[in-house]
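Undergrad: the following block contains a protein sequence and its predicted model.
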Amino acid sequence: MDNIHKLDDIPLHKIPIGSLRLLAGANLMVFWADVDAQTHAPRHAHPNEQITWLLEGRMDYQIGDGPVTSCGPGTVLVVPGNTPHEAWYREKCKIVEFFNPPRFDLFPAAEKHPYGVA
């Protein structure tokens, strides 16, 4: 596997709420995502620890039983593994998300290819 990548060379994956590029290693995965305005990531949980960094836009986020919090550019969220969480994207958002271990449940091809493609 190559160790140096250019973001523009990583293929774009379409997802129900926008699009993302991903890069996976053995123990970490990162998403660069563009999320459409007025979309919603329903409450869910996964064993992976997640860090979300909001670069652009506005979203509301709930982690566990905590309050729904309005987030703007520069907000960084830490979601412990197995903790329910939910997001409402009020505007078009650019986010970067890190997962440990990688989200091979969402992109199983990433176990064999760093860009999650077959």
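TA: That came through, no problem.
Undergrad: what about the protein, any weak spots by pLDDT?
TA: Applying pLDDT under 70 to the chain picks out residues 1.
Undergrad: ok, for the most centrally placed residue in the chain, nearest residue in space, not its chain neighbours?
TA: Most central in the chain under C-alpha atoms, centre = their mean is E97, positioned 3.8 Å from the mean C-alpha point. Leaving aside its chain neighbours, E97 sits nearest to F31 (4.4 Å; criterion: C-beta to C-beta, 6 or more residues apart in numbering). Yep, even glycine has a C-beta here, placed from its N, CA and C like the rest.
Undergrad: that neighbour and L22 touch, don't they?
TA: Yes - the pair F31 and L22 qualifies as a contact (C-beta atoms under 8 Å) at a distance of 5.2 Å.
Undergrad: overlap in contacts, the two.
TA: Residues touching both F31 and L22 (C-beta atoms under 8 Å, 6 or more residues apart in numbering): there are none.
Undergrad: so A110, which state does it fall into?
TA: Following DSSP: H, G, I helix; E, B strand; the rest coil, we place A110 in the helix state.
Undergrad: surely it meets L22?
TA: Yes - in this structure, A110 is within contact of L22 by C-beta under 8 Å, at 6.6 Å.
Undergrad: neighbour count: the two, which is higher?
TA: L22 (24 against 19; other C-beta atoms under 10 Å).
Undergrad: need the contact list for that one.
TA: By C-beta under 8 Å, 6+ apart, the contact set of L22 is 10, 13, 29-32, 107, 110, 115-116.
Undergrad: could you rerun that using 7 Å?
TA: Counting by C-beta atoms under 7 Å, 6 or more residues apart in numbering, L22 touches 13, 29-31, 107, 110, 115-116.
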